[in-house]
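Chemist: Just to be clear, the model below is a prediction. Sequence and coordinates:
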Amino acid sequence: MMTTKKTVLITGANQGLGFETAKQLAELGYYVYMGSRDRSKGIAAQKKLNESGLSDVEFIEIDVTDINSIKSAKQELAAKTQQLDVLINNAGISGGSPQNMSTYEMENLRKVFETNFFGAVQTTQQFIDLLKESAAPRIVNVSSGLGSLQFSNSHDFAFYAYGCSKTALNAFTVSLAKEFRNTNFKINSVEPGYTATNLNQYQGTQTVEEAVGIIVKSATLGHDAPTGKFFWKEGEFAW
């Protein structure tokens, strides 16, 4: 059934930041498509939100590392809605630890980039036509402070390979924003902060409820808002 509400697709929405973002945007009146590569987990996530009183949420199977899965998800979404108003590229993996670049296995590095960078790029490419049908399209790339060259250079962290993938994602944000700078698109990267999620074995210092504020804010930007920027809860973040 076609919906008249603003629509949003969130990858990796079956848990963590993605799930909480789905919850908060649904509460704001968006129709939310909860992307998950695992069908059973995606259905369970949708059911959990349905049971909390949120009916305008729907699971959609999508593996961002599989182009055929992305194309299938795009076809499914196109049959349900004439446009996509918001795409949130949230799906990501940590790549394990330690990640010293002098010894990190190339196979693992490729896996990290396949999800965190190439996955976001090819998902965006497949859904861009539906986004163009929106009067106010928004793309939010969920990045990390570890993807900031300035920030990482002044701190000692272990997730170097992960950070490299997020640096690449930030570069994609800048490039895409420039490509669509004379349109109504708003395309930004966000740093949710060190959050307790499955990605870091729940070692983060803030809750998902606290962290997703910047994601939701970037997904709901107004016409005069900036594009091609990197934001966190305190404002603009250094590239």
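Modeler: That came through fine.
Chemist: Average pLDDT for stretch 10-25, rounded please.
Modeler: Mean pLDDT, stretch 10-25: 96.
Chemist: what about Thr11, distance to Tyr160?
Modeler: Thr11 sits 24 Å away from Tyr160, going by C-beta to C-beta, to the nearest Å. From N, CA and C alone the C-beta is placed, and that goes for glycine too.
Chemist: which of the two has more neighbours?
Modeler: The neighbour count for Thr11 versus Tyr160, taken as other C-beta atoms under 10 Å, is higher for Thr11 (28 against 18).
Chemist: and the more buried one, what does it touch?
Modeler: Gly18, Gly35, Ile62, Val64, Ile88, Asn89, Asn90, Ala91, Gly119, Ala120, Thr123 (C-beta atoms under 8 Å, 6 or more residues apart in numbering).
Chemist: Verify the stated contact: the second one with Ala13.
Modeler: Yes. The pair Gly35 and Ala13 qualifies as a contact (C-beta atoms under 8 Å) at a distance of 5.3 Å.
Chemist: what about stretch 33-51, distance to the chain center?
Modeler: Chain-centre distance of stretch 33-51: 16 Å, with C-alpha atoms, centre = their mean, to the nearest Å.
Chemist: Name the surrounding residues that touch stretch 50-63.
Modeler: 3, 5, 9, 11, 14, 22-23, 26-27, 29-37, 39, 42-43, 45-46, 49, 69-70, 72-73, 76-77, 80, 123.
Chemist: what's the model's confidence in it, averaged?
Modeler: 97.
Chemist: buried ones in it?
Modeler: Within stretch 50-63, the residues scored as buried using 16 or more other C-beta atoms under 10 Å are Leu54, Asp56, Val57, Glu58, Phe59, Ile60, Ile62, Asp63.
Chemist: and the fifth one, that's in a helix?
Modeler: No. According to DSSP: H, G, I helix; E, B strand; the rest coil, Phe59 belongs to no helix; its state is strand.
Chemist: Look up the pLDDT of Ala158 for me, please.
Modeler: Reported pLDDT for Ala158: 58.
Chemist: Please apply the same query to the one 5 residues further on.
Modeler: In the predicted model, Gly163 carries a pLDDT score of 92.
Chemist: Tell me where the chain has strands.
Modeler: 7-10, 31-36, 57-61, 86-89, 138-142, 186-190, 230-232, 235-236 (DSSP state E).
Chemist: can I get the ones you listed in TSV with distance to Leu221?
Modeler: Shown next, in TSV, are the strands of the chain (distance: least, C-beta to C-beta, whole Å):
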stretch	distance to Leu221
strand 7-10	13
strand 31-36	17
strand 57-61	22
strand 86-89	10
strand 138-142	6
strand 186-190	5
strand 230-232	10
strand 235-236	14
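Chemist: Where among those strands is average confidence lowest?
Modeler: Mean pLDDT is lowest for strand 235-236 among the strands of the chain, at a mean of 92.
Chemist: who does that one pair up with?
Modeler: If you go by DSSP bridges, strand 235-236 pairs up with strand 230-232 (antiparallel).
Chemist: Pull out the buried positions in the partner strand.
Modeler: Across strand 230-232, burial judged by 16+ other C-beta under 10 Å covers Phe230, Phe231, Trp232.
Chemist: Residues contacting it, please?
Modeler: Contact partners of strand 230-232, identified using C-beta under 8 Å, 6+ apart, comprise 143, 145, 148, 170, 173, 188-193, 214, 217-218, 236-239.
Chemist: mind redoing it with 10 Å?
Modeler: Applying C-beta atoms under 10 Å, 6 or more residues apart in numbering, the external contacts of strand 230-232 come out as 140-141, 143-145, 147-148, 170, 173-174, 188-193, 211, 213-215, 217-218, 221, 236-239.
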